[in-house]
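In: I'd like to go over a predicted model; first the sequence, then the structure.
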Amino acid sequence: MEWKTDQVLERFASSNMDTIQALRRVSGDIENPGPLLMIQLATLADDFTDLARDFDRIVLPELNDAVAQCSRSQDFMPAFSSFLRDEGVGEDAIVWIEALGYVAMGSQRR
């Protein structure tokens, strides 16, 4: 199962490297953002939202298929946050992305 999970996550990370690198760059600065960072975050918000949607649409079903035989299914936000941590994204950026994810998921359900 670990091999399959690693393979799925590595493939997703590779295909989304630009967005992940952008998250790494802003990590550590979000708690005390300057004007330039605020503009950068606003312009990158759609990319980060797309990353979360793709993770939910592509990765989560594959992960749940892999773990269906031996454990419980994965919930979106904990799995996505764990993926970002493993990719070196800082906690402040993860909190920001989680907030965006909850907002996006809530607006999709309406």
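Out: Arrived safely.
In: drop to CA atoms for contacts and neighbour counts, all remaining ones
Out: OK.
In: Give me the pLDDT value at the nearest residue in space to residue 96 that is not next to it in sequence.
Out: Nearest non-adjacent residue to residue 96, counting by CA to CA, 6 or more residues apart in numbering: residue 30, 7.9 Å away. Per-residue confidence at residue 30 stands at 76 (pLDDT).
In: lowest-confidence helix or strand of the protein?
Out: Sorting the helices and strands of the chain by mean pLDDT, DSSP states H and E puts helix 91-109 at the bottom, at a mean of 68.
In: Stretch 50-65: which residues count as buried?
Out: For stretch 50-65, a neighbour-count test (16 or more other CA atoms under 10 Å) marks 51-53, 55-56, 59-60, 62-64 as buried.
In: try stretch 80-90
Out: For stretch 80-90, by 16+ other CA under 10 Å, it's 80-81, 83-84, 87, 89-90.
In: could I get it in CSV with only the CA atoms?
Out: Provided in CSV are the C-alpha atoms of stretch 80-90 (Å, rounded to 0.1, in the frame of the first residue of the first chain):
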residue,chain,number,x,y,z
PHE,A,80,-4.0,17.1,1.3
SER,A,81,-2.3,18.9,4.2
SER,A,82,-0.1,15.8,4.8
PHE,A,83,0.9,15.8,1.1
LEU,A,84,1.8,19.5,1.3
ARG,A,85,3.9,18.9,4.4
ASP,A,86,5.7,16.1,2.7
GLU,A,87,6.5,18.4,-0.2
GLY,A,88,8.1,20.9,2.2
VAL,A,89,5.4,23.5,2.4
GLY,A,90,5.4,25.5,5.6
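In: Can you give me every residue that contacts residue 26?
Out: Contact partners of residue 26, counting by CA atoms under 8 Å, 6 or more residues apart in numbering, are 37, 93.
In: one step back: sitting in helices, which of the buried residues of stretch 80-90 do you find?
Out: In this view, the buried residues of stretch 80-90 that belong to helices under DSSP state H are 80-81, 83-84.
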